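Trainee: Sequence first, then the predicted structure:
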Amino acid sequence: MLIQLTDIKKVFNQGRPNEFWAIQGVSLEFEPNRVSCLKGASGSGKTTLLSMIGCLSRPTSGRIQLGERVISSLPERFLTDVRRHTFGFIFQRFNLISGLSVLENIMLPAYPLGLPYKRLVATALHLLEQFNLLAKADNPVEWLSGGEAQRVAICRALINDPQILIADEPTANLDSKLSYEFMGLIDELRQSGKTILITSHDPEVFDSAVVDRVVEMHDGVVLT
Amino acid sequence: MMWLFLRKQKYLIDFTLSSLLRRKGKSLGLLAVYTLIVFMLASVTLFTHALRKEAGLMLQASPEIIVQRMQAGRHALIPADYLQRIGRLRGVTQKEGRLWGYYYDPAVKANYTIMTAGQVAAPLTEIIIGTGIARARGLVVGDYLTLRSQNGEAYSFEITELLNEKSELVSADLLLMSPQAFRRLFNIPEGFYTDLVLSVRNPREVRKVAEKLTLLLPDTRPILREEVLRTYDSVFSWRQGILFVLLTGSILAFVIFAWDKASGLSAEERREIGILKAVGWETADVMRMKFWEGMIVSLSAFLIGYLAAYAHVFYASASLFEPVLKGWAVLYPQFRLTPFVDGLQLATLLFFTVLPYIVATIIPIWRTSITDPDAVMR
Amino acid sequence: MRKSNTFLACVFLLLVGCIATLVDATHRKHLAVSDVESGTALVRQFGLTDLALFTEARYTRHLSQSDLHSAFQDHPVALEHFPSGSLLLPPQRMQ
């Protein structure tokens, strides 16, 4: 599914003294089945851009098109619907919910869909097996190591079988060995047909052979 | 469609239970306190309601009109010729004088209620007693009970019968003897009674008769059955009210506790809601989840509390309330209340215990759950 | 077992318990008819007017028969009907 951004602008606190233009006119295209990386210092607007693509927020002006569908003008309810079927998210600090088991954390994005329980559990266990976490299924997530937590976060992002994966600074909490492993997993996902968008300022990520395209951002505009 | 809805709710319950179990101590503590409150409220309601109903049923048979003579603002003996003075009042089917009073037994420091009954076989030596007295003094049929008379003489009576223990709610402290023995014991001359009892066949005429009585015998006061019933009705409402007032303190404490627990969203909970929204939950899903949180706690507390209260009141004879009701009394009836429970009572209880908690849980969430889902990424 | 199933099973059991109390109440009401009747018979026979619940004082034993406005009728340390009864202690010599 092609992602097209046309002249995207995003302002925070509009009309107030602390008004801040995070994105100042970005036009981009992301091709399907590619790994793209948004690179830039913190505050460059890459996370804001990613959250708009992922339907977590809406641009102040401009157009986001997902395949045939314009998503930038959809009301919140529809955005949620698009988000839960099209996107999977991997957050910077994994954002797993502590106290819940690994299995429960993974199934969480599917809860509002009301799938039959057995089928959902089977899907989740299959993912866990794929990522070599089956033995940890019933452990609480706070018992996991950093690498395991990262893989659980990936499983959670994949539970609804989204076409596009969005990873926001995924390697920020990992050492270089784990980061390397992570990129390996990303490669596998790309091969299975996913489109992957990553933000990072970690050379381990944007210099990786896995990444097809690097977009550099600075102060809300695209440099290259 | 139906199944989809149910499956969604079950997932939400799964999540809520997991997150409640995460703070096991706090959640169970809350549940325990909540249950206790429901238990107390339900016990009071069930107990007073049942007692009121039972009293109402039994006292339905009490005399329509009792005429007491008042002297200097106090109850005084009424001369027998008042019966003649009443004469033939329209509507009065029967009239007779009663002898009754109290006897303080220093041996057990208890007050007995002494009434007279014509059918005691050997008038001067036999009595019938209520089971409460029998218990307090350790008496059985065939034993003798000595009562000290007004002028210091001791009279012994043989106990020929115990009153039916099933009627203990009205008869625990009764002591029945013949009128002759009563007069001798308390030195009441012939020609005087404690009060008069009138039967009126048509209930609508009772008020009329009472009006005529006050004109005819200005030094008496009629006590009507409906007044007696009303007295009991209000006295239990009053006692219920007192208990509720006493409970208010604990209820308020609980409200503060619950408010703090339910509404004071910690930073962690706020973050969690953000995560849920980011991974694809709608605002409505978050609200439903919080609704279930309130529902799970309050419904469990209500059901457990009510069941415990039912067992307490109707199977354990409301033993926790006994010290309160007993007061200084030595004689206390042992009775098993007949359960009078109706849907309205349950609904009222449900309304006042479950609903406020759910509302208190949901309202503060409203503000948080409408925040943008991208908050987690910032 | 899945948590929601456990919970719903518990709620179901408790609900059954609640319905059982209603059934039990109806059942015992029928059983108790004879008890109430024995009480009623006694009330009718002797013209009883009050419950033997509070036997410590005249005005509590025969609530509906007591003198209207005389204080401290029976028990020297009984709390009164009136609010003042909780403030004023009975005279020393009565205690």
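Mentor: That came through, no problem.
Trainee: Every contact and neighbour count from this point should use C-alpha atoms.
Mentor: OK.
Trainee: got the buried residues for stretch C:2-22?
Mentor: Buried residues in stretch C:2-22, counting neighbours by 16 or more other CA atoms under 10 Å in any protein chain shown, are found at C:3-4, C:7, C:11, C:14-15, C:17-18, C:21-22.
Trainee: residues contacting the closest residue to B:Ile13 other than its chain neighbours?
Mentor: With sequence-adjacent residues excluded and distances taken as CA to CA, 6 or more residues apart in numbering or on different chains, B:Ile13 is closest to C:Ser4, at 5.5 Å. Contact analysis of C:Ser4 by CA atoms under 8 Å, 6 or more residues apart in numbering or on different chains lists B:10-11, B:13-14, B:17.
Trainee: Quick one: mean pLDDT for the lengthiest helix in chain A?
Mentor: Across chain A, the helix with the greatest residue count (assigned by DSSP state H) is helix A:176-191. Mean per-residue pLDDT for helix A:176-191: 90.
Trainee: Go ahead and measure how far the helix or strand hosting B:Leu303 is from the middle of the chain.
Mentor: Take DSSP states H and E as the rule and B:Leu303 turns out to sit in helix B:283-314. How far helix B:283-314 lies from its chain's middle: 25 Å, per CA atoms, centre = their mean, to the nearest Å.
Trainee: now the residue in chain C positioned nearest to chain A: how far from B:Ser298?
Mentor: Residue nearest to chain A within chain C (CA to the nearest CA): C:Arg2, separated by 9.6 Å. Going from C:Arg2 to B:Ser298 by CA to CA, to the nearest Å gives 21 Å.
Trainee: Wait, A:Met217 touches A:Gly45, no?
Mentor: Yes. Contact criterion CA atoms under 8 Å: A:Met217 and A:Gly45 qualify, at 7.2 Å.
Trainee: more neighbours, the two?
Mentor: Neighbour totals were compared for A:Met217 and A:Gly45, and A:Gly45 leads with 25 against 21 (other CA atoms under 10 Å in any protein chain shown).
Trainee: Pretty sure the more buried one sits against A:Gly220.
Mentor: Yes. Counting by CA under 8 Å, A:Gly45 does reach A:Gly220; the two are 5.0 Å apart.
Trainee: and A:Gln24, backbone torsions?
Mentor: Main-chain torsions, A:Gln24, degrees, to the nearest 10: phi -120, psi 70.
Trainee: Pick out the residue closest to the middle of chain A.
Mentor: In chain A, the centroid-proximal residue (CA atoms, centre = their mean) is A:Ile166; its distance is 1.7 Å.
Trainee: residue contacts, that residue?
Mentor: A:Ile166 sits in contact with A:50, A:54, A:87-90, A:196-198, where contact means CA under 8 Å, 6+ apart.
Trainee: Now do the helices in the chain.
Mentor: You didn't say which chain, so I picked chain A. For chain A, the helices defined by DSSP H cover A:46-53, A:76-86, A:102-107, A:117-130, A:146-158, A:176-191, A:203-206.
Trainee: should've been chain C
Mentor: C:3-31, C:33-46, C:58-61.
Trainee: Right, and chain A sits closest to which residue of the stretch 1-150 of chain B?
Mentor: B:Lys8 (4.3 Å).
Trainee: Now do the same for that residue: helix, strand or coil?
Mentor: Three-state call for B:Lys8 (DSSP: H, G, I helix; E, B strand; the rest coil): helix.
Trainee: Pretty sure it sits against A:Leu108.
Mentor: No. Look at B:Lys8 against A:Leu108 with CA under 8 Å: they stay out of range, at 11.6 Å.
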